[in-house]
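Chemist: Structure here, sequence nowhere to be found:
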């Protein structure tokens, strides 16, 4: 297959290549996905999503990071997948699909999508890091660490990237590593956060599982309570809901925008002949 249809979408600035693969015609490889997600020579995206058949569900969401590695889950990607499936007639406005992190329920509400996520677990607080900083940690579909700072908005990008790359591979987070978030609590029900994502190996404009993870970590620290409005790097607002448990949180939800950017046909002859 040298050509295929795709849709480019973003959820709060977190952008994805989405492919209807319900007929199982797309033969992916890590190298191909990385090439498609590359901004200068490919389509460009933070990740790629395939929608495939899944018994007992409306579909399966198969998610790949921009480096071609497969990940269990992506919150904003899941919201875009739900909107895409509704638009394509694969599912209705209320749907349930499978992911590597477990089932996801979703509701399409106009230009917004609300998803229900698997429980957050593995909460740890007061983790000592190089330089004297301390972090909280939780698994929200994927692992997330969070460092509370005075003013996340004032951090220069270079400073954040340099700090995050050290923490992302810190031995305390082995073997999977961690997504790295810096967080400023604005009020008991609002915060601002920035995320350095594994697989992308860079800061992204938003991270859905990150919004849930940092909200739960901050709530366990007694700093916020749900619902929590989370301001992303790109200035969008994602709203999280949850009920705290001793190990994390249950009945987790994530609500935010999901938008189509463009649709097209990708010709892989340039990649296959290289």
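Modeler: Nice, thanks for sending it over. Because the structure is predicted, anything quoted here is derived from the model rather than measured.

Chemist: buried sites along stretch 89-105?
Modeler: 90-91, 95-99, 101, 104 (16 or more other Cβ atoms under 10 Å). All C-beta atoms are positioned from the backbone trio N, CA, C, and that covers glycine.

Chemist: before we move on, what about stretch 48-67?
Modeler: So, applying 16+ other Cβ under 10 Å, buried residues of stretch 48-67: 48-52, 54, 57-66.

Chemist: Now render the buried residues of stretch 89-105 as CSV, adding pLDDT, secondary structure and distance to residue 249.
Modeler: CSV is the format used below for the buried residues of stretch 89-105 (pLDDT from 0 to 100; DSSP: H, G, I helix; E, B strand; the rest coil; distance: Cβ to Cβ, whole Å):
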residue, pLDDT, secondary structure, distance to residue 249
90, 98, coil, 30
91, 98, coil, 26
95, 98, strand, 23
96, 98, strand, 20
97, 98, strand, 21
98, 97, strand, 21
99, 96, coil, 18
101, 91, coil, 14
104, 96, strand, 16
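
Chemist: For residue 132, state which of the buried residues of stretch 48-67 is nearest.
Modeler: Nearest to residue 132 among the buried residues of stretch 48-67, counting by Cβ to Cβ, is residue 65 at 30.6 Å.

Chemist: Would you mind splitting the chain into its domains for me?
Modeler: Following automatic domain parsing, one finds the domains of the chain at 3-111+259-272, 121-254.

Chemist: quick revisit: now, among the buried residues of stretch 89-105, which is nearest to residue 174?
Modeler: The closest of the buried residues of stretch 89-105, once distances to residue 174 are taken by Cβ to Cβ, is residue 101, at 19.7 Å.

Chemist: Spatially, and excluding backbone neighbours, which residue is closest to that closest one.
Modeler: residue 73 (3.6 Å; Cβ to Cβ, 6 or more residues apart in numbering).

Chemist: quick one, what contacts that neighbour?
Modeler: 63, 99-102, 104, 117-118, 141-142, 209 (Cβ atoms under 8 Å, 6 or more residues apart in numbering).

Chemist: Could you rerun that using 6 Å?
Modeler: 99, 101, 141-142 (Cβ atoms under 6 Å, 6 or more residues apart in numbering).

Chemist: What of residue 141?
Modeler: 72-73, 101, 209.

Chemist: so what pLDDT did it get?
Modeler: As predicted, residue 141 sits at a pLDDT of 88.

Chemist: Ok, residue 46 next?
Modeler: 95.
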